[in-house]
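**Q** got a predicted model here, sequence first, then my questions.
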There are 4 protein chains.
Amino acid sequence: MLTSHHQVTVEWGHCDPAGIVYFPNYFTYFDSSTNALFLRALGFNKYAMLRKWDIVGIPLVDVGARFIIPSVFGDVVTIESTVVEIKRSSFRMQHRLLKGETLAVEGHEIRVWVGRDPANPDKLKSKPIPQDVIARLKG
Amino acid sequence: MLTSHHQVTVEWGHCDPAGIVYFPNYFTYFDSSTNALFLRALGFNKYAMLRKWDIVGIPLVDVGARFIIPSVFGDVVTIESTVVEIKRSSFRMQHRLLKGETLAVEGHEIRVWVGRDPANPDKLKSKPIPQDVIARLKG
Amino acid sequence: MLTSHHQVTVEWGHCDPAGIVYFPNYFTYFDSSTNALFLRALGFNKYAMLRKWDIVGIPLVDVGARFIIPSVFGDVVTIESTVVEIKRSSFRMQHRLLKGETLAVEGHEIRVWVGRDPANPDKLKSKPIPQDVIARLKG
Amino acid sequence: MLTSHHQVTVEWGHCDPAGIVYFPNYFTYFDSSTNALFLRALGFNKYAMLRKWDIVGIPLVDVGARFIIPSVFGDVVTIESTVVEIKRSSFRMQHRLLKGETLAVEGHEIRVWVGRDPANPDKLKSKPIPQDVIARLKG
């Protein structure tokens, strides 16, 4: 399965009054890393992806994270992201945020391939992940 | 012209390692206050507004703020927002963020009524603000 | 155990290009709800709490969420938060985000009572949760 | 005066339901660019800077921006930042956000060198900018 590495610099505005990364921002790092992996796998960006396969996005149905070591403003961290499971219309990402060699945060995302519901365009509906997308995610 | 008051509680995640509101968040407060004013003026929310008049949004072309007193987690502040000028396809909002009676932040927004460019749907294009919208903003 | 309800209005800036709440923001809603519960339980805010018990914060070691129904700009949602488990220096919060009667997001947080490490003030170290805090969280 | 260039990739979570960068995020880009300029000018990061000169931060007293061209998810933009004026305890930054050669956003920040008020450590108070900092900002 595909693995990619995404580098993030912890900015002042990502941190809270305790001086450490405000935890929801780790999910923005993970999200950026998943998007970067897709960009690399597919060769074009999310907007192009949404148009090409007529989807609204790849929203999450389940996420989780374990925070091991805090990070602070100025830290340059690496998010190692792997597609660990692909089902009919969903897939699971594993993320490991590393400070140097040390695991600082570990998380996962389960995302669904989602379009507009043909029966009601105001609603979202899962769709099967196209075979060529699966092939590219398998790397 | 219409004036409205919008209350915001300063959350932990709005503050930076100095323990005070991270300044870009004041613009999110102002934006929320403008949206709340529109909701009150028009009687329906932004999504309905976008559909009704076939616009993409009311993006900003110019903003500014003066920060007088910092705010911290737990503060409950009031944003007093006024439509101070309406032109053909743009309008100016004035915002005063108050802690009790004291002016803490003062800012403005110039926003444009924007739709898709008929000549190129990937581009945005300003449109005249509808007369009934102007009438309601004048209060 | 203590349960509290916290109301949040979904703002424009909380939503992503798919028009739905950008998922990390659900964790900011949960965090605000936990802080509101503590404010109600203890009778004073987080800054006062940090000073009174000489702690740096109540950072998270584990979080998770399941996203069932998306929310959009203008939705007014309620977060029902419960302290479901208290250990020596950590506790577990359960959050249920409700749209009317419908469960839209379900999540948890495990937080640790953390001070500066006496041996190295640059590091954080867990401390036992004070008995009077436990008593108040038990409601 | 010192000028620096800071590159930012527009992330999905920076954009709003109109599909463009949510405008307060431009100020986070500017803030990151100012911090990057200081890091380069001083040779050490903001935390070290705060400790070395016993300050709480360099908070803003005045900001503004003009939005000329929107940016979308996936855009890689450059912020060109210049120290344009240095006074006794404040300085002015000018920011130009460029998409390729094209000016997309133009903004400024006036920041103050701020420490704890010796008379009341809960309050902030401006301090003269140290001569060696001024020398380095002059480049």
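**A** Yep, it's here.
**Q** ok, and the closest non-adjacent residue to residue A:59?
**A** residue A:114 (5.7 Å; CB to CB, 6 or more residues apart in numbering or on different chains). Every residue, glycine included, has its C-beta placed from N, CA and C.
**Q** now residue A:39
**A** residue A:45 (5.5 Å).
**Q** from residue C:93, how far off is the residue lying closest to residue A:20 once chain neighbours are set aside?
**A** Spatial nearest neighbour of residue A:20, excluding adjacent residues (CB to CB, 6+ apart): residue A:70 at 4.0 Å. In this view, residue A:70 and residue C:93 are 19 Å apart by CB to CB, to the nearest Å.
**Q** higher neighbour count, these two?
**A** Shown here are residue A:70 and residue C:93; by other CB atoms under 10 Å in any protein chain shown, residue C:93 has more neighbours (25 against 21).
**Q** that one: what secondary structure?
**A** Classification of residue C:93 by DSSP: H, G, I helix; E, B strand; the rest coil places it in strand.
**Q** show me where chain A has strands.
**A** A:3-9, A:60-67, A:76-86, A:90-99, A:102-112, A:114-117, A:120-126 (DSSP state E).
**Q** and the last one, is it in reach of chain D?
**A** No. Using CB under 8 Å from any CB of the partner chain, no contact is recorded between strand A:120-126 and chain D, whose separation bottoms out at 13.7 Å.
**Q** quick one: contacts of that strand?
**A** Contact with strand A:120-126 is made by A:56, A:59, A:89-90, A:112-118, C:70, as judged by CB atoms under 8 Å, 6 or more residues apart in numbering or on different chains.
**Q** quick one: buried ones out of those residues?
**A** Neighbour counting by 16 or more other CB atoms under 10 Å in any protein chain shown classes A:56, A:59, A:90, A:112-115, C:70 among these as buried.
**Q** export the longest helix along chain A as CSV, just CAs?
**A** Secondary structure of chain A per DSSP state H: the longest helix is helix A:24-42. Taking C-alpha atoms only, helix A:24-42 is exported to CSV below (Å, rounded to 0.1, in the frame of the first residue of the first chain):
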residue,chain,number,x,y,z
PRO,A,24,-7.6,19.5,16.7
ASN,A,25,-4.8,20.9,14.5
TYR,A,26,-3.2,17.5,14.4
PHE,A,27,-6.2,16.4,12.4
THR,A,28,-5.6,19.2,10.0
TYR,A,29,-2.1,17.9,9.6
PHE,A,30,-3.4,14.4,9.0
ASP,A,31,-5.9,15.8,6.5
SER,A,32,-3.2,17.7,4.6
SER,A,33,-1.1,14.6,4.6
THR,A,34,-3.9,12.5,3.1
ASN,A,35,-4.5,15.1,0.5
ALA,A,36,-0.8,15.2,-0.3
LEU,A,37,-0.8,11.4,-0.7
PHE,A,38,-3.8,11.6,-3.1
LEU,A,39,-2.1,14.4,-5.1
ARG,A,40,1.0,12.2,-5.5
ALA,A,41,-1.0,9.0,-6.2
LEU,A,42,-3.4,10.5,-8.7
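**Q** buried sites along it?
**A** A:24-39, A:41-42.
**Q** please apply the same query to stretch A:129-137.
**A** For stretch A:129-137, by 16+ other CB under 10 Å, it's A:129, A:133, A:136-137.
**Q** re the thing from before, could you dump the buried ones among the contacts of strand A:120-126 to CSV with pLDDT?
**A** Below are these laid out as CSV (pLDDT from 0 to 100):
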residue, pLDDT
A:56, 85
A:59, 91
A:90, 97
A:112, 96
A:113, 95
A:114, 92
A:115, 91
C:70, 92
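**Q** just the closest of the residues you listed to chain B, please.
**A** Among the buried ones among the contacts of strand A:120-126, residue C:70 lies closest to chain B (CB to the nearest CB), at 13.0 Å.
**Q** do I have it right that the closest one meets residue C:25?
**A** No. Using CB atoms under 8 Å as the test, residue C:70 is too far from residue C:25 to be in contact (11.9 Å).
**Q** check contacts around the residue of chain A most remote from its centre.
**A** Centroid-distance maximum for chain A: residue A:119 at 28.9 Å, with CA atoms, centre = their mean. Going by CB under 8 Å, 6+ apart, residue A:119 touches no other residue.
**Q** let's see it at 10 Å
**A** residue A:125 (CB atoms under 10 Å, 6 or more residues apart in numbering or on different chains).
**Q** what about it, distance to chain D?
**A** 23 Å (CB to the nearest CB, to the nearest Å).
**Q** that residue and residue A:125, how far apart?
**A** From residue A:119 to residue A:125 the distance is 8 Å (CB to CB).
**Q** stretch A:61-79: end-to-end distance?
**A** 21 Å (CA to CA, to the nearest Å).
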